[in-house]
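A.B. asks: show me the folded form of this:
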Amino acid sequence: MFLYVDIEHASGFAKPHGDWLYAARARISYALEDVVGDDVHLIRYSKLDAEAMARLKPRCLLLSGNTADPQTYGPNGLDGLFRILTTTSLPVFGFCGGHQMLARAFGVEITRLGRADPAFDPDGNEAWISESGYSEVSVDDHPVFEGLGQSPIVRHAHTWEVPAVPRGFTGVARTSTTAIQAMAHEQRPIFGTQFHPEWWTDENPAGRRMIENFCSWAGLL
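C.D. replies: This next block holds a predicted model:
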């Protein structure tokens, strides 16, 4: 069994896009099952603790993206998740917000990409630089990117970034906007991408190949 850890804060599901998030989690769970060849169990980050790990006996943790700002989780709301991420011997793959959670668990706080110009949208809300849509990412020679060339096309959807590689990790992908688009742990099967490999399409299938490659690299296949 793989655990697909939903890291969205509860407040995110109460927003206008909440129903879309619920549907996306179900769709992605089924799509991941087709790729990894095993059951994928969706679990809220707040339910992931030692008891759940012992009961479910997962082979791997997959971390979802999220829409909530870091401060939404409060000063201690992520302690349990971070404890699991830093102590588990299981393979871990973090997608976008999941990549950011890995960085935070290992000691690096995330930052905004920067203020947009103009700094406010027509409704008066703060506007931030973002990466969105399907576009190229420059990748290094790493098993997760095997067979994809130097510039695979992936889906981006973020205004936050990991500003520095955590100790024990190596940066392995980048764009002109985001310097750390992917990182790999140097000793453990832990990998994170700022982009969304789980949102592959028939037209842009590179993300699926990355997940397959991750499973091979982590000894899951």
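A.B. asks: pLDDT on stretch 211-221, on average?
C.D. replies: Average pLDDT, stretch 211-221: 97.
A.B. asks: can you show me the CA trace of that stretch as CSV?
C.D. replies: Output of stretch 211-221 as CSV, limited to C-alpha atoms (Å, rounded to 0.1, in the frame of the first residue of the first chain):
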residue,chain,number,x,y,z
ILE,A,211,6.6,8.7,-10.7
GLU,A,212,7.4,5.4,-12.4
ASN,A,213,11.1,6.2,-12.2
PHE,A,214,10.9,7.2,-8.6
CYS,A,215,9.3,3.8,-7.8
SER,A,216,12.2,2.1,-9.5
TRP,A,217,14.8,4.3,-7.9
ALA,A,218,13.3,3.6,-4.4
GLY,A,219,13.1,-0.1,-5.0
LEU,A,220,9.3,-0.3,-5.0
LEU,A,221,8.9,-2.1,-8.3
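A.B. asks: okay, buried residues for it please.
C.D. replies: Ile211, Glu212, Asn213, Phe214, Cys215, Trp217, Ala218, Leu220 (16 or more other C-beta atoms under 10 Å). For the C-beta atoms, the positions are set from N, CA and C on the backbone; glycine is no exception.
A.B. asks: in space, what's closest to the second one - neighbours in sequence excluded?
C.D. replies: Taking C-beta to C-beta, 6 or more residues apart in numbering as the measure, Glu212 lies nearest to Val35, with 6.0 Å between them; neighbours along the chain are not counted.
A.B. asks: quick one: that neighbour and Arg208 touch, right?
C.D. replies: Yes: counting by C-beta atoms under 8 Å, Val35 touches Arg208, with 5.9 Å between them.
A.B. asks: what sits against the residue nearest the centre of the chain?
C.D. replies: Residue closest to the average C-alpha location in the chain (C-alpha atoms, centre = their mean): Phe95, at 1.6 Å. By C-beta atoms under 8 Å, 6 or more residues apart in numbering, Phe95 lies in contact with Leu62, Leu63, Ser64, Gly65, Gly192, Thr193, His196, Pro197, Glu198.
A.B. asks: okay, now the residue nearest to Gln187 when sequence neighbours are not counted: neighbour count?
C.D. replies: Excluding the flanking residues, the one nearest Gln187 by C-beta to C-beta, 6+ apart is Gly168, at 6.7 Å. Neighbourhood size, Gly168 [other C-beta atoms under 10 Å]: 14.
A.B. asks: how much space between Gly168 and Ala24?
C.D. replies: 31 Å (C-beta to C-beta, to the nearest Å).
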